[in-house]
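Colleague: need a structure here:
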Amino acid sequence: MICRAWPLVAISAVHQGLIGGAVTGKIVSQLAAGLPPVIDPAPFRADRF
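Modeller: This next block holds a predicted model:
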């Protein structure tokens, strides 16, 4: 079991969840398992704003 100091949050906008839900789920599951994600999630960081 992996213990993280931060939560994994996967959100999307309206219909985008239907389109990107599978990829989002794959990325989140890889991050939760400590594996490298299929894409670099850095451009989607919350602190980019």
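Colleague: surely Leu8 meets Ile27?
Modeller: No - distance between Leu8 and Ile27: 9.4 Å, which falls outside the contact criterion (CB atoms under 8 Å). For every residue, glycine as well, the C-beta is placed using N, CA and C.
Colleague: Those two: which is more packed in?
Modeller: Each of Leu8 and Ile27 had its neighbours counted (other CB atoms under 10 Å), and the higher figure belongs to Ile27 (19 against 10).
Colleague: tell me the secondary structure for that one?
Modeller: The three-state label for Ile27, taken from DSSP: H, G, I helix; E, B strand; the rest coil, comes out as helix.
Colleague: what's the residue nearest to it when sequence neighbours are not counted in contact with, if anything?
Modeller: Here the nearest residue to Ile27 in space, its sequence neighbours aside, is Pro37; by CB to CB, 6 or more residues apart in numbering that works out to 4.6 Å. Applying CB atoms under 8 Å, 6 or more residues apart in numbering, we find Pro37 in contact with Lys26, Ile27, Gln30, Leu31.
Colleague: Next up, the contacts around the first one.
Modeller: With contacts defined as CB under 8 Å, 6+ apart, Lys26 is in contact with Pro37, Val38.
Colleague: Show the low-confidence segments of this protein, by residue range.
Modeller: Of all residues in the chain, those with pLDDT under 70 make up the ranges 1-5, 12-17.
Colleague: Tell me which residue is most central in it.
Modeller: For the chain, the residue nearest the mean C-alpha position is Val28 (3.9 Å; CA atoms, centre = their mean).
Colleague: tell me the contacts of that one?
Modeller: For Val28, the set of contacting residues under the criterion of CB under 8 Å, 6+ apart consists of Leu8, Ala10.
Colleague: how close does it sit to Ala42?
Modeller: Going from Val28 to Ala42 by CB to CB, to the nearest Å gives 15 Å.
Colleague: Then Gly21?
Modeller: Here Gly21 is placed at a distance of 21 Å from Ala42 (CB to CB).
Colleague: Ala10 touches Gly25, doesn't it?
Modeller: Yes - in this structure, Ala10 is within contact of Gly25 by CB under 8 Å, at 7.1 Å.
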